[in-house]
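Novice: Any chance you could fold what I've pasted below:
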Amino acid sequence: MIELDAVTAGYDDPVVSDVSFAVERGELVALLGPNGVGKSTLLRTVLGLRDPLSGTVTLDGDDVTTMDRTEVARRLGYVPQSESGGLPSTVFETVLTGRKPHTSWRPTEEDRAVVGEVLTQVGIDDLAMRPLTDLSGGQRQQVRLARALAQQPEALVLDEPTSSLDLRHQFDVLDHVARLAAEGLAVLFALHDLELATRYADRLVFLADGEVVAVGGPEVVTSALVAEVYDIHARVVDVEGHRVVLPDP
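Specialist: Presented below is the predicted three-dimensional model:
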């Protein structure tokens with residue numbers, strides 16, 4: 001579904017170089033690494049918001065740089081970390097904007113029905129008529145997820161989807177994303193929390209020093225890898241089937 005082939009991403013200069021991996025339908029892939037390593041830049045390149053400096057990003061073989069924004073939005077849903085404030089609007093109106101790739105002018109009854117279904121699916125239907133300005137940071141993040149799902153995409157790209165969420169809602173959101181992957185969506189997400197990533201992701205892609213240093217399942221996480229990527233000494237242990245990182249004092 002999503003394939004990166006020798007992608008170098010950045011601005012005037014490369015931030016991350018020679019990145020190659022794929023995200024298939026039904027698969028959840030986590031992008032990991034320290035702050036400033038290029039995770040968000042790489043995601044924006046996947047979304048076609050920035051052209052790669054070299055290499056290609058394709059969706060089912062179609063080069064993202066040759067697709068118009070509407071077509072990309074039909075196929076890729078995007079959940080950013082945060083957004084600058086816009087005009088005051090309700091949750092329902094905000095999620096309804098996710099239907100723009102499918103409608104040329106006014107929202108239809110079908111569009112409104114899709115939004116209602118998505119709000120229920122995400123578990124925020126009780127917030128439908130609330131202004132965004134009244135919501136917590138965590139609730140706004142759930143609204144962003146609902147808006148992306150209203151696009152009815154084939155894949156989801158999420159940049160720190162658990163930011164601003166308390167522990168319960170972190171699990172709620174990632175449980176929901178995992179169910180979407182199990183139903184056939186391709187999911188690529190950047191995350192800071194290594195233990196959450198190993199719990200939910202099918203594969204992990206680690207970035208460090210401007211390049212990919214490891215790709216694999218949760219078993220790829222070792223003390224040596226944690227030291228290389230995050231520059232800390234830690235033990236990695238298995239607890240009830242999940243990787244847990246224990247930093248040394």
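
Novice: Roughly how far does the residue sitting nearest the centre point of the chain sit from Asp209?
Specialist: In the chain, the C-alpha nearest the mean C-alpha coordinate belongs to Leu158, at 1.4 Å (Cα atoms, centre = their mean). As judged by Cβ to Cβ, to the nearest Å, Leu158 and Asp209 stand 24 Å apart. (Each C-beta comes from the backbone N, C-alpha and C, glycine too.)

Novice: Now stretch 26-36: average pLDDT?
Specialist: On average, the pLDDT along stretch 26-36 is 96.

Novice: Help me confirm that Ala181 is found in a helix?
Specialist: Yes: under the criterion used here (DSSP: H, G, I helix; E, B strand; the rest coil), Ala181 sits inside a helix.

Novice: residues in contact with it?
Specialist: Shown in contact with Ala181 (Cβ atoms under 8 Å, 6 or more residues apart in numbering): Gly26, Glu27, Leu28, Val187, Asp202.

Novice: same for the helix or strand of the chain with the lowest mean pLDDT, what does it pack against?
Specialist: Here the helix or strand of the chain ranked lowest by mean pLDDT, DSSP states H and E is strand 242-247, holding a mean of 88. In terms of contacts (3 or more Cβ pairs under 8 Å, 6 or more residues apart in numbering; DSSP states H and E), strand 242-247 is packed against helix 194-200, strand 234-239.

Novice: For the very next helix or strand once past the longest one, which outside residues touch it?
Specialist: In other words, helix 194-200. Tracing the chain past helix 194-200, the next element assigned as helix or strand by DSSP states H and E is strand 203-208. For strand 203-208, contacts defined as Cβ under 8 Å, 6+ apart pick out 16, 19, 21, 27-34, 37-39, 42, 197-198, 212-218, 220-221, 225, 228-229.

Novice: From Asp51, how far out is Ala128?
Specialist: Going from Ala128 to Asp51 by Cβ to Cβ gives 38 Å.

Novice: who has more neighbours, the two?
Specialist: Taking neighbours as other Cβ atoms under 10 Å, Ala128 and Asp51 compare with Ala128 leading, 16 against 11.

Novice: Give the helix, strand or coil label for the closest residue to the more buried one other than its chain neighbours.
Specialist: Nearest non-adjacent residue to Ala128, counting by Cβ to Cβ, 6 or more residues apart in numbering: Phe92, 4.4 Å away. Judged by three-state DSSP, the three-state class of Phe92 is helix.

Novice: ok, which stretches of the protein are strands?
Specialist: Secondary structure of the chain (DSSP state E): strands at 2-10, 14-23, 28-32, 54-59, 62-63, 76-79, 155-159, 186-190, 203-208, 211-216, 234-239, 242-247.

Novice: Compare those strands and say which comes out lowest on pLDDT.
Specialist: Among these, strand 242-247 has the lowest mean pLDDT, at a mean of 88.
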